[in-house]
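Asker: Whatever this is, show me its structure:
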Amino acid sequence: MMMNMAVVNPLEAPSVVTRDRIVCFVNDEDSAAALRKGLDGAHLSLRRGTIRNAVRMLETDTDLFALVADISGYDDPFAELERLASVCPPDVRVALVGESREIGFYRELMDIGVTEYLPRPLTRDMVLDLLRPKLLGGEAPAQPDRGGHVISICGAQGGAGATSIAINLALQLAETTKAKVALLDLHLQNGETAVMLGVRPGPGLRIALENPMRADTLFLERSAIEINDRVSLISADEELDAQLNITEAGVRHVLGLLRQRFNYIVVDVPVPFPPSIYPVISLARHVLVLLEAEVTGLRNAHALRTAVTNIAGKDRVFTLLNRANRAGGLPKATIVKALGAEPDMVIPDLGKGMTQAVNLGIPALKHVSALRRHLKPIVREITGVAGERKGRLRRLLGL
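Answerer: The predicted structure is shown next:
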């Protein structure tokens, strides 16, 4: 059974096709957010629904360039695809989202003319790497060179909780993927990561950042503090009057060493960041700009997003609203208006347990059970791993 869905090479697309609308029918907000980020800049229409809603739309509206439809939950997706084929114009590219991860299922879809198939959970990286080139043409965006995945966290205001989120995100990444995770705190003076974890750092990080020729893998291993068997902290505690001379070469070298040894590197980035630590932004696959619902946070978040975009491109930056429902905070409508969009990620106010965890020098994950639930979608976006799956192949390939 062949469907009447032509896969059009973007370099050979007929000049008569002038419409550029991409319509997406998905049934969950995570998939919608991934498509919104991954297809940013396209003429995109996101709608709630599945392939059946797409069929109903195409009965009256065929003025589109591409269609993305969810086939999750259907016992016989090929029957649904036959209905779609009966109303879908041959020059419309069709991509599907579903639950199956079987290679045989994927090949069957490719054989009948589907442009691309993505298994859930959808992430921004999946859409960027696999779907965007098929729908919009061109090459997949260049990824950082082979090595561990860098996640940079930047607080738009003091006290917004960036360090706490960095710590607990690193721990949950390791717990979910069973991978090795480095937590790098670049606040060399007055850094809070070691304090929150109840440990004391040594001088190794500063030496490595100032003089990369003195830093090798063994040197960095001696500087790392094991938080547990999968998470290591690399931080410093320099005097406030110390004259630091952090170099870009030092930052690149330290990141390079960490990316050889760890699958994920979560970086707590000082703001404003000097040019010497730009590599932490440019090498990151995810940059989380974290703010609270306050006027200063909104103002600074806008400037910070612009700075990150100028360094690394807009497809890397995510806005994380922390303590979203805190008493006295700005209403959500004001936040959305100021940001120009919904925050990509939201964590509510989780109460005094977060502060108690800091005072006890223990990770909040051990003290506040709700935190794990709210970090889960962030971990899923970063890793593409749902639940407790190990993601072994990603680690073997250094992705």
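
Asker: Against Ile151, how distant is the nearest residue to Thr193 once chain neighbours are set aside?
Answerer: In this structure, Thr193 finds its nearest non-sequential neighbour in Asp185, 3.9 Å apart by Cβ to Cβ, 6 or more residues apart in numbering. The way it works is simple: take the backbone N, C-alpha and C, and place the C-beta from them, glycine included. Per Cβ to Cβ, to the nearest Å, Asp185 is found 13 Å from Ile151.

Asker: anything in contact with each of the two?
Answerer: Shared contacts of Asp185 and Ile151, defined by Cβ atoms under 8 Å, 6 or more residues apart in numbering, comprise Val267.

Asker: And the two? Which one has more around it.
Answerer: Using other Cβ atoms under 10 Å as the criterion, Asp185 and Ile151 rank with Asp185 on top: 26 against 23.

Asker: tell me the contacts of that one?
Answerer: By Cβ under 8 Å, 6+ apart, the residues touching Asp185 are 163, 166, 191-194, 233-236, 267-268.

Asker: Go through these and name the one nearest Ala293.
Answerer: Thr163 (18.7 Å; Cβ to Cβ).

Asker: ok, the closest one - how many residues close by?
Answerer: 22.

Asker: Export the contacts of Asp185 to TSV and append columns for secondary structure.
Answerer: Formatted as TSV, these follow (DSSP: H, G, I helix; E, B strand; the rest coil):
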residue	secondary structure
Thr163	helix
Ala166	helix
Gly191	coil
Glu192	coil
Thr193	helix
Ala194	helix
Leu233	strand
Ile234	strand
Ser235	coil
Ala236	coil
Val267	strand
Asp268	strand
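
Asker: just checking, Gly147 touches Arg259?
Answerer: Yes: with contact defined as Cβ atoms under 8 Å, Gly147 and Arg259 form a contacting pair (3.2 Å).

Asker: rewinding a little: quick check: the gap between the residue nearest to Thr193 and Ile167.
Answerer: 9 Å.

Asker: what's the overlap in contacts for these two?
Answerer: Thr193.

Asker: residue nearest the centroid of the protein?
Answerer: For the chain, the residue nearest the mean C-alpha position is Ile382 (4.1 Å; Cα atoms, centre = their mean).

Asker: How about the contacts made by that residue?
Answerer: Contacts for Ile382 (Cβ under 8 Å, 6+ apart) come out as 123, 149, 151, 173, 264, 285-286.

Asker: Can you show me the strands along this structure?
Answerer: In order along the chain, the chain carries the following strands (DSSP state E): 21-26, 43-48, 66-70, 93-98, 116-119, 149-155, 181-185, 225-226, 231-234, 264-269, 286-291, 317-322, 345-347.

Asker: what's the second one packed up against?
Answerer: Translated: strand 43-48. strand 21-26, helix 29-38 (3 or more Cβ pairs under 8 Å, 6 or more residues apart in numbering; DSSP states H and E).

Asker: Under the pLDDT cut-off, which ranges of the protein? List them.
Answerer: Applying pLDDT under 70 to the chain picks out residues 1-19, 138-146, 385-399.

Asker: How is it divided into domains?
Answerer: When the chain is parsed with automatic domain parsing, its domains come out as 21-136, 149-396.

Asker: The first one spans what distance, first to last residue?
Answerer: Pointing back at domain 21-136 there. End-to-end span of domain 21-136 (Cα to Cα, to the nearest Å): 11 Å.

Asker: which residues are contacting the longest helix along the chain?
Answerer: Counting residues, the longest helix in the chain under DSSP state H turns out to be helix 295-312. Contacts with helix 295-312, where a contact means Cβ under 8 Å, 6+ apart, come from 154, 156-157, 160, 271-273, 278, 281-282, 284, 287, 289, 291, 316-317, 319, 330, 334-335, 338-339.

Asker: The same query, at a cut-off of 6 Å, please.
Answerer: Residues from elsewhere that reach helix 295-312, judged by Cβ atoms under 6 Å, 6 or more residues apart in numbering: 154, 156-157, 278, 281-282, 287, 289, 291, 317, 338.

Asker: of the residues you listed, closest to Asp349?
Answerer: Each of the contacts of helix 295-312 was checked against Asp349 using Cβ to Cβ; the closest is Leu291, at 13.7 Å.

Asker: I'd say that closest one and Ala156 touch.
Answerer: Yes: at 3.9 Å, Leu291 counts as touching Ala156 under the criterion of Cβ atoms under 6 Å.

Asker: Compare the two and say which one has the larger neighbour count.
Answerer: The neighbour comparison of Leu291 against Ala156 (other Cβ under 10 Å) goes to Leu291, with 30 against 25.

Asker: Could you list which residues are in contact with that one?
Answerer: 156, 160, 297, 301 are the contacts of Leu291 under Cβ under 6 Å, 6+ apart.

Asker: how about the nearest residue to the second one, chain neighbours excluded?
Answerer: When you say that, I think you mean Ala160. Glu292 (4.8 Å).

Asker: quick one, phi/psi of the one you found?
Answerer: Note on Glu292: its backbone torsions stand at phi -110, psi 170 [degrees, to the nearest 10].

Asker: For it, the count of nearby residues, please.
Answerer: Glu292: 23 surrounding residues under other Cβ under 10 Å.

Asker: ok, it - contacts?
Answerer: Residues near Glu292 by Cβ under 6 Å, 6+ apart: 160, 322-323.

Asker: In TSV: those, plus neighbour count and distance to Val23.
Answerer: Shown next, in TSV, are those (neighbours: other Cβ atoms under 10 Å; distance: Cβ to Cβ, whole Å):
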residue	neighbour count	distance to Val23
Ala160	25	37
Asn322	27	34
Arg323	21	36
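
Asker: And those, which is closest to His43?
Answerer: Asn322 (32.7 Å).

Asker: So what sits opposite that closest one in the bridge?
Answerer: With DSSP bridges as the criterion, Asn322 is bridged to Ile347.

Asker: Correct me if wrong: it contacts Ile347.
Answerer: Yes: using Cβ under 6 Å, Asn322 makes contact with Ile347 at a distance of 5.1 Å.
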